[in-house]
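*Asks:* need a structure here:
(chains A and B)
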Amino acid sequence: MTAPDTVPATAAVAEPARFWTRERKAGTGLGVTGLVAAALFGALASDRPAAFTLAETTAGDTVEINGTLGAVVFGLLAAVAGAALWAPRARRWFVLLLAAGIVAVVVSFLCWQLSRSPQNVLPLGNVIRSSVIFALPLIFGGLAGTIGERSGVINIAIEGQFIMGAFFAALVATVAASVWFGIVAAAIGGLLIAALLAMLAIRFVVDQIVVGVVLIVFALGVTGFLFEQLMAPAPTRYNAPSRVPTWEVPALSDIPLVGPVLFRANIFVYLALALVVLVYVGLFHTRWGLRTRAVGEHPAAADTVGVKVLGLRYLNVLLAGAIAGVGGAYFTLLATTNFNKGMTAGLGFIALATMIFGRWNPVGVLLAAVFFGFSRALAVYLGSIGSPIPSQFLNMLPYLATIAVVAGLVGRARPPAADGKPYIKG
Amino acid sequence: MERRVPLRLELHGITRRFGEVVANDGIDLTVEPGEIHALLGENGAGKSTLVNVLYGMLQPDSGQILIDGEPVRIHGPRDAIAAGIGMVHQHFMLVPVFTVTENVMLGAEPARGGPARLLDRQRARARVVEVSGRYSLAVDPDATVEDLPVGVQQRAEIVKALAREVDLLILDEPTAVLTPQETDDLLEVMRTLKAAGKSIVFITHKLREVTAIADRITVVRNGRVVGTTGPEESEDALAAMMVGRTVSLQVSKPPQPPGEPVLSVAGLAVNDERGHRVVDGVDLTVHAGEVLGIAGVQGNGQTELVEAVMGLRPVLTGTVHMKGTPLVGRRTKDILRMHVGYIPEDRSVDGLVKEFTIAENLVLNMYDTTPYGSRWILRPAAIASSAAERVERFDIRTTSPQAAVATLSGGNQQKVIVARELTRPLTMLVAAQPTRGLDVGSIEFIHRQILHEREVGTAVLLVSSELDEVIALADRIAVMYRGRILDVVNPQTPREQIGLLMAGVRGDSAPGQVGGDGADAT
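*Replies:* Modelled structure (predicted):
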């Protein structure tokens, strides 16, 4: 045993120093964006002050900044952060600099918006609260997608699991007069769709994307039909669930800014956070997780050491379906208190984008979901204060961000190697 | 749980069919405790099917497996491992993004106490260290598998099997991806394991290895056991048993002076998909009527070199000329039309459209030129008659030229490619791994075709990871290592010396050396 230790046989040729590193690409993008923001937002902003407050209402102490000045200064700050990414040691500060730059661009944008709006105060507490609320379905959906794809099954049908969850939650919570039964029913609703997906994709080896799309159409159709037949004629009997209660954690809820959001919250917030932790620990520190990842990367390798590949895929798809179903309950037990046809409005697809943005990692999913939630919350708030930008454009923000991310601007996302590939023994 | 007595394995009448094909036909095999038992046979002889039955990946249609005289049923790998049987697969069964430790622990994960039952990585790591120490299988337990050289990955695979306390280890074509030196190391490991009382079933089609290490040799042909013999048997006799007729292991190659330079590659640098520099300053010249063989372990840049020459991969720097005409920047189609024949290394991915018929595959490179068609239409009659003629001439065994290529055996698929590329006048032939995975008959046939091209004055660039093939066919051998041509030697150079070059060790004043420092010599 001599030569192979020192002389690797594969071509591990020294990697040539590439000019366009990730840092430089991002830095250039950020720098240009910052300069454009400074010029454009600065020109469009007025001299009225833009005000920010930590509270959930517009009353109270505010930080004010001249609109034009703020737009220019924060735009330039973003450009500086971009330039800093060209520095020799930028690699270590990449995430920090990029985050700071993005925040600066957003603030520059807000300075313009607020200085032109009749209501020029932005209550950060309020925006953060709605960010978290909007993020909730994406967390459930993103985790569901992650669990499925980590074991090699693409779950396009999250949208369908959402709508089934929403429907069953509304129906059962009304009939049983208990939101808790509603949530359990939602999980079962998601599970039903997942069971169909698992059977068709794993057992009958049908193309997973096609199955997923078919199941979405199926779920939308079934819930729509039942809504017309059952709920629409007698909404008070079948479609009037109550909203989930808010629970307060003493002391912790007094933490400024995040305290009220995270610790004076409802079951969905607590469940989502708990699931992020559970799935993370599960995937990376338990036997289930190691096997799940092995099955998603190299199922034959798992099979040859006696791991039941198909069994594990069934389990994970069903588990993911239940989680997505609970995410569906959000729509009828929190966001509104009645079911409506097609009310999930494509959020199941954004959940998939959340999963990719989060790089198939539960913590990444959480961050990505909060990011999407924030851009939606901002769009809603700016719409409500009479922003000059049509709300349709503001509502595009999350989707534009998705395209940028999926197109690989933030770095190539690497899915599990056997993602979407059926496993056939032999 | 360590077994005290080494394991004795008997197979009785194992039969396994795939549709019409009988892959294993009543195979009997006995592996005595502590012996190295070679299973020798050609590609497609049924060796892999047999060991997959033994490891529980396939169920036999009939037959019996006995361990220490007791009949056992093996329904899956878990049963096999429980019975003391481990396997190192030809294509490694390692998760590339996992560490060595994670791969070893997978399926038998130690867990910490407590309700959470979290993974006990420390204990798993200690097990890897212990096993690799006990059998001197040096491997870093914390390295990510995809970063490891192939030889080390194989060691990790062996550690993975041994960590499960198996007493019989199946090695399926373990030397296919190794350098000669790594192969020697592996044989040493096998001796160590034997000394520790393990039995080994060693599957191969390479005679040299068999006679070097095996205690007994069972030869398999067409799914049947032809005979069992010992290592004292001559290689020629073993080859005859394996193929079913006497074969000449040498091809006759009359000496022939090389002609004008045809292909000139200078300072070529190419990156792979991940941006790694895999061809790093290659200089080559191939002359008319000459075979230049590129030897080297798979993955040292040969694939990318060939793709760059054929216009399939962007060139970073350097030039490629054919008879003075630059090829860099030209479309592959135009290069092919300049009388260049190309046998790609992966016939199913790059060489053939498997769903198409043989006739269609035979005109893939010429479909829009006379007589097969024009810019707008195909002429099916011309395509069909040409196909019928070529199927005959190249001995492609098929029911009809209109059968899909997917229905052919590997050897016949490769003959379709050869028939397509060699039935037009060529200036240059680029052949990458032209006989990979083929039976001896097809190999002989394709070797003859390549040498025929040499005789008629075609410049042949041959890339092969089978050193024997390169030595048999080439007039000069360029050894490629980590993206560079380490040396160009003549085929009389001792195997060991070429082997050292393949491992990146350059001799200083070795005999038989005809060129130095990657430069070409004539």
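
*Asks:* What ranges in the stretch 301-426 of chain A fall below the confidence cut-off?
*Replies:* Counting by pLDDT under 70, the stretch 301-426 of chain A shows low-confidence ranges at A:398, A:401-402, A:404-413, A:426.

*Asks:* what residues does it put near chain B?
*Replies:* A:301-307, A:417, A:425-426 (C-beta under 8 Å from any C-beta of the partner chain). No exception for glycine: its C-beta is placed from N, CA and C like everyone else's.

*Asks:* For residue A:298, which residues are in contact?
*Replies:* A:417-418, B:93-96 (C-beta atoms under 8 Å, 6 or more residues apart in numbering or on different chains).

*Asks:* Quick one: the strands in the stretch 101-250 of chain A, in order.
*Replies:* Assigned by DSSP state E, counting those that start in this stretch, the stretch 101-250 of chain A shows strands spanning A:121-123, A:246-248.

*Asks:* same thing with the stretch 401-522 of chain B?
*Replies:* Taking DSSP E, counting those that start in this stretch, the strands of the stretch 401-522 of chain B run over residues B:428-432, B:459-463, B:476-481, B:484-489, B:513-515.

*Asks:* Take these and lay them out in TSV including mean pLDDT and distance to residue B:218.
*Replies:* What follows is these, written out as TSV (pLDDT from 0 to 100; distance: least, C-beta to C-beta, whole Å):
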stretch	mean pLDDT	distance to residue B:218
strand B:428-432	95	33
strand B:459-463	96	33
strand B:476-481	94	34
strand B:484-489	94	37
strand B:513-515	41	41
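
*Asks:* For residue B:178, find the nearest of these.
*Replies:* Proximity to residue B:178 (C-beta to C-beta) singles out strand B:476-481 among the strands of the stretch 401-522 of chain B, at 14.2 Å.

*Asks:* Partner strands of the closest one and their direction?
*Replies:* Looking at strand B:476-481 with DSSP bridges, its partner strands are strand B:291-295 (parallel), strand B:484-489 (antiparallel).

*Asks:* Of all the ones you listed, which one is nearest residue A:380?
*Replies:* strand B:484-489 (60.3 Å).

*Asks:* before we move on, back to that, ok, of the residues of the stretch 301-426 of chain A next to chain B, which come out buried?
*Replies:* A:301-307 (16 or more other C-beta atoms under 10 Å in any protein chain shown).

*Asks:* Adding distance to residue B:469 and secondary structure as columns, could you present these in JSON lines?
*Replies:* Converted to JSON lines, those look like this (distance: C-beta to C-beta, whole Å; DSSP: H, G, I helix; E, B strand; the rest coil):
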{"residue": "A:301", "distance to residue B:469": "30", "secondary structure": "helix"}
{"residue": "A:302", "distance to residue B:469": "35", "secondary structure": "helix"}
{"residue": "A:303", "distance to residue B:469": "33", "secondary structure": "helix"}
{"residue": "A:304", "distance to residue B:469": "31", "secondary structure": "helix"}
{"residue": "A:305", "distance to residue B:469": "35", "secondary structure": "coil"}
{"residue": "A:306", "distance to residue B:469": "38", "secondary structure": "coil"}
{"residue": "A:307", "distance to residue B:469": "38", "secondary structure": "coil"}
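
*Asks:* Please name the residues that touch the nearest residue to residue A:205 once chain neighbours are set aside.
*Replies:* Counting by C-beta to C-beta, 6 or more residues apart in numbering or on different chains, residue A:422 is the residue found nearest to residue A:205 once chain neighbours are left out, at 4.4 Å. Neighbour list for residue A:422: A:201-202, A:205, A:208 [criterion: C-beta under 8 Å, 6+ apart].

*Asks:* who in the stretch 301-450 of chain B is up against chain A?
*Replies:* Counting by C-beta under 8 Å from any C-beta, the stretch 301-450 of chain B sits next to chain A at residue B:301.

*Asks:* and whatever residue of the stretch 301-450 of chain B ends up closest to chain A, backbone torsions?
*Replies:* Relative to chain A, the nearest point of the stretch 301-450 of chain B is residue B:301 (5.3 Å; C-beta to the nearest C-beta). Phi and psi for residue B:301, reported as degrees, to the nearest 10, are phi 110, psi 0.

*Asks:* Quick one, grab the pLDDT at it.
*Replies:* On pLDDT, residue B:301 comes in at 91.

*Asks:* what are the phi and psi angles of residue 22?
*Replies:* You didn't say which chain, so I picked chain A. phi -60, psi -40.

*Asks:* could you do chain B instead?
*Replies:* Here residue B:22 shows phi and psi, under degrees, to the nearest 10, equal to phi -100, psi 100.

*Asks:* contacting residues for it?
*Replies:* Per C-beta under 8 Å, 6+ apart, neighbours of residue B:22: B:15-16, B:223.

*Asks:* Kindly report the same for residue B:190.
*Replies:* Applying C-beta under 8 Å, 6+ apart to residue B:190 gives the contacts B:36, B:171, B:200, B:202, B:213.

*Asks:* and it, backbone torsions?
*Replies:* phi -60, psi -40.

*Asks:* Looking at the contacts of residue A:298, which are in strands?
*Replies:* Nothing among the contacts of residue A:298 maps onto strands, per DSSP state E.

*Asks:* which residue does the stretch 151-300 of chain B bring closest to chain A?
*Replies:* As assessed by C-beta to the nearest C-beta, chain A sits closest to residue B:151 within the stretch 151-300 of chain B, at 4.1 Å.

*Asks:* Sketch out the low-pLDDT regions of chain A for me.
*Replies:* Using pLDDT under 70, chain A drops low at A:1-18, A:58-60, A:398, A:401-402, A:404-413, A:426.

*Asks:* give me that answer again for 80
*Replies:* For chain A, residues meeting the criterion pLDDT under 80 lie at A:1-23, A:54-62, A:90-91, A:254-260, A:386-392, A:394-414, A:425-426.

*Asks:* Find the centremost residue of it, please.
*Replies:* Residue closest to the mean C-alpha point of chain A, counted by C-alpha atoms, centre = their mean, is residue A:369 at 2.5 Å.

*Asks:* Go ahead and report the secondary structure state at that one.
*Replies:* Classification of residue A:369 using DSSP: H, G, I helix; E, B strand; the rest coil returns helix.

*Asks:* check contacts around it.
*Replies:* Taking C-beta under 8 Å, 6+ apart, one finds A:135-136, A:138-139, A:142, A:354, A:358 in contact with residue A:369.
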